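J.: Make a model of this:
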Amino acid sequence: MRAKVVALATTPVKGLRVLAATQLHVGAAGAADDRRFYLVDERGWMVNGKRIGALSTVVAVYDAAAGTLSLTFPGGAVAGGAVQLGEEIDTRFFSRPARARPLLGAWSDALSEHTGEALRIVEGVGRTGIDRGRGGAVSLISRASLDGLARAAGADSIDARRFRMTVEIDGVAAHAEDGWLGERVRIGEALVRVGGHVGRCLITSRDPESGVVDLPTLDLLRSYRSGLDTTEPLPFGVYGAVLEPGTVALGDAVELA
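T.: This next block holds a predicted model:
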């Protein structure tokens, strides 16, 4: 296998637009500060772009050294400041109970006004906003797989950000990553054990910048990815645990270890 990293993407607030990066430090909890925060509604239930497409129009930037978070909205309005946390509250991360601390500041009010729903930004206690925990600290998709989906859609290309993956690679056949379950993969300096396939949901049908539903992604995947022997239905890409932390940068080699 002669593959390399061709794109990296993260967001400090789960559900907001993912941003391209030239390099990431990847550890047991995933890329540094990726999905550090998540959003909850009035009930305390986690909310993402599957339910509220307008979240994709908001760009979040977290400066770990300064301890600041900024949210930039369409039109250029910015809500920002130093991160301060309130008292612990009960939330639900998908169907699982999770303790979290709300951020004190203008971010939640600004997001609520933007989306028309009462939202709060919280930081998990003892956890990140990664869906599958440390077993799914990073996710990976190949460019050839994206090209295969584009052909199924009759499109020239598919924006990889639609799938919100940590790492995009090139140099392997379409869905070659499906066969890596249980394998150790060296990605730059990091060593990852692939644990499962990423089953897809309706969020992938939304444009990654506008949040508007514009592609029948699930129908397309169902047309040629149903019935496969995979860990999750409608698989597209894989996830894994980080065995050895390290820096991953554009152009880095990706090799079975």
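
J.: Every contact and neighbour count from this point should use C-alpha atoms.
T.: Noted.

J.: And for the closest residue to Arg143 other than its chain neighbours, the neighbour number?
T.: Nearest non-adjacent residue to Arg143, counting by CA to CA, 6 or more residues apart in numbering: Asp170, 5.3 Å away. Around Asp170 there are 20 other residues, counting by other CA atoms under 10 Å.

J.: for Val78, same thing?
T.: Residues contacting Val78 under the criterion other CA under 10 Å number 17.

J.: same check, this time on Asp207
T.: Close neighbours of Asp207, defined as other CA under 10 Å, add up to 18.

J.: Could I get the contacting residues of it?
T.: Applying CA atoms under 8 Å, 6 or more residues apart in numbering to Asp207 gives the contacts Arg162, Val213, Asp214, Leu215.

J.: In terms of pLDDT, where does it sit?
T.: Model confidence at Asp207, given as pLDDT, is 97.

J.: From Thr57, how far out is it?
T.: As judged by CA to CA, to the nearest Å, Asp207 and Thr57 stand 10 Å apart.

J.: do Asp109 as well
T.: Note on Asp109: its distance to Thr57, by CA to CA, is 16 Å.

J.: Just confirm Gly27 contacts Gly246, I think it does.
T.: Yes - under the criterion of CA atoms under 8 Å, Gly27 makes contact with Gly246 at 6.7 Å.

J.: Any figure for the gap between the residue most central in space within the chain and Leu119?
T.: Centroid-nearest residue in the chain, with CA atoms, centre = their mean: Arg164, separated by 4.0 Å. Between Arg164 and Leu119 the distance is 21 Å, computed by CA to CA.

J.: next one: Val40
T.: 6 Å.

J.: so what's the residue nearest to Arg143 bridging to?
T.: Beta-bridge partners of Asp170, counted by DSSP bridges, are Lys4.

J.: Does Val61 touch Thr10 like I think?
T.: No - counting by CA under 8 Å, Val61 does not reach Thr10; the two are 10.1 Å apart.

J.: which one of those two has more residues nearby?
T.: Shown here are Val61 and Thr10; by other CA under 10 Å, Thr10 has more neighbours (24 against 15).

J.: Check the contact between that one and Val18; I expect there is one.
T.: Yes - applying CA under 8 Å, one finds Thr10 in contact with Val18, separated by 5.1 Å.

J.: OK, contacts around the residue nearest to Ala31 when sequence neighbours are not counted?
T.: Excluding the flanking residues, the one nearest Ala31 by CA to CA, 6+ apart is His25, at 5.6 Å. Counting by CA under 8 Å, 6+ apart, His25 makes contact with Ala31, Ala32, Pro245, Gly246, Thr247, Val248.

J.: Counting neighbours, what do you get for the fourth one?
T.: Other residues within reach of Gly246, judged by other CA under 10 Å, total 18.

J.: What separation is there between it and Val192?
T.: 10 Å.

J.: cool, and the fifth one?
T.: For Thr247, the distance to Val192 under the criterion CA to CA works out to 12 Å.

J.: Show me which of these two is the more surrounded one.
T.: Val192 (29 against 15).

J.: what's the following helix or strand after the helix or strand where that one lies?
T.: Secondary structure from DSSP states H and E places Val192 in strand 190-199. The element immediately downstream of strand 190-199 (helix or strand, assigned by DSSP H and E) is helix 217-225.

J.: ok, which stretches of the stretch 101-250 of the chain are strands?
T.: 120-124, 138-142, 167-170, 184-187, 190-199, 235-244, 246-249 (DSSP state E, counting those that start in this stretch).
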